[in-house]
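Peer 1: Let me see the structure of the following:
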Amino acid sequence: MMDALASNFETYLPPAEIALRTISAMFFGLIIGLEREFRQKPAGLRTCMLVALASSAFVVGSIELSMRLADEGPDFNLDPLRAIEAIVTGIAFLGAGAILQSGGHVQGLTTGASIWLTGAIGLIAGAGQVLFALFITLLGLFILHLVGRLEYRFVKTKNGEGEDEQET
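Peer 2: Okay, the predicted model is just below:
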């Protein structure tokens, strides 16, 4: 009985590796989320953390399931890339929900893109590429924060738009 119960808790990836992948995804989501929170955008800290964590969990889970089914024999075929495709579709749907159109003016594109970016970061971390996920997080932060400031300074002010209309 105990052996059967213990087999339900066995993983192919070492538990420390699973923890590293999921916690790093959550932490990188926190970094992107903090930037969005400082700008008082709707998809902030918790949203970005949850999107990254969920993406990572789906990837780790699909890897674990693929390996478990591979042990069952050649009749089982699970392609982890198909799971990733489904994750990307779900994240895109979530990001699209942040985009609004009102009176010919589109708002929330950067917020939607940051949700999509956070999902990609979670996917990358979940796949075990933690340094790559960190690199993408830093590039995303650069775009959201520094490029956003440049955009406001050089583009928005030339168009006569005020700070309250700033999207980034």
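Peer 1: Using PDB, write out the CA atom coordinates for the host helix or strand of residue 121.
Peer 2: Residue 121 is part of helix 109-126 when elements are defined by DSSP states H and E. C-alpha atoms of helix 109-126 as PDB (Å, rounded to 0.1, in the frame of the first residue of the first chain):
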ATOM      1  CA  LEU A 109      -1.700  46.800 -25.800                       C
ATOM      2  CA  THR A 110       1.400  47.000 -23.600                       C
ATOM      3  CA  THR A 111      -0.400  45.300 -20.700                       C
ATOM      4  CA  GLY A 112      -1.600  42.500 -23.000                       C
ATOM      5  CA  ALA A 113       2.000  42.200 -24.300                       C
ATOM      6  CA  SER A 114       3.400  42.100 -20.800                       C
ATOM      7  CA  ILE A 115       1.000  39.200 -20.000                       C
ATOM      8  CA  TRP A 116       2.200  37.400 -23.100                       C
ATOM      9  CA  LEU A 117       5.800  38.100 -22.100                       C
ATOM     10  CA  THR A 118       5.300  36.800 -18.600                       C
ATOM     11  CA  GLY A 119       3.800  33.600 -19.900                       C
ATOM     12  CA  ALA A 120       6.800  33.100 -22.200                       C
ATOM     13  CA  ILE A 121       9.100  33.700 -19.300                       C
ATOM     14  CA  GLY A 122       7.300  31.000 -17.300                       C
ATOM     15  CA  LEU A 123       7.400  28.600 -20.200                       C
ATOM     16  CA  ILE A 124      11.200  29.100 -20.600                       C
ATOM     17  CA  ALA A 125      11.800  28.700 -16.900                       C
ATOM     18  CA  GLY A 126       9.600  25.600 -16.800                       C
END
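Peer 1: residues of that helix that come out buried?
Peer 2: Under the neighbour-count criterion of 16 or more other C-beta atoms under 10 Å, helix 109-126 has 110-126 buried. In short, each C-beta sits where N, CA and C put it, glycine included.
Peer 1: I would like the residues contacting the next helix or strand after that helix, please.
Peer 2: Moving toward the C-terminus from helix 109-126, the next helix or strand (DSSP H and E) is helix 130-141. Here helix 130-141 makes contact (C-beta atoms under 8 Å, 6 or more residues apart in numbering) with 20-21, 24-25, 28, 31-32, 35, 114, 117, 120-122, 124-125.
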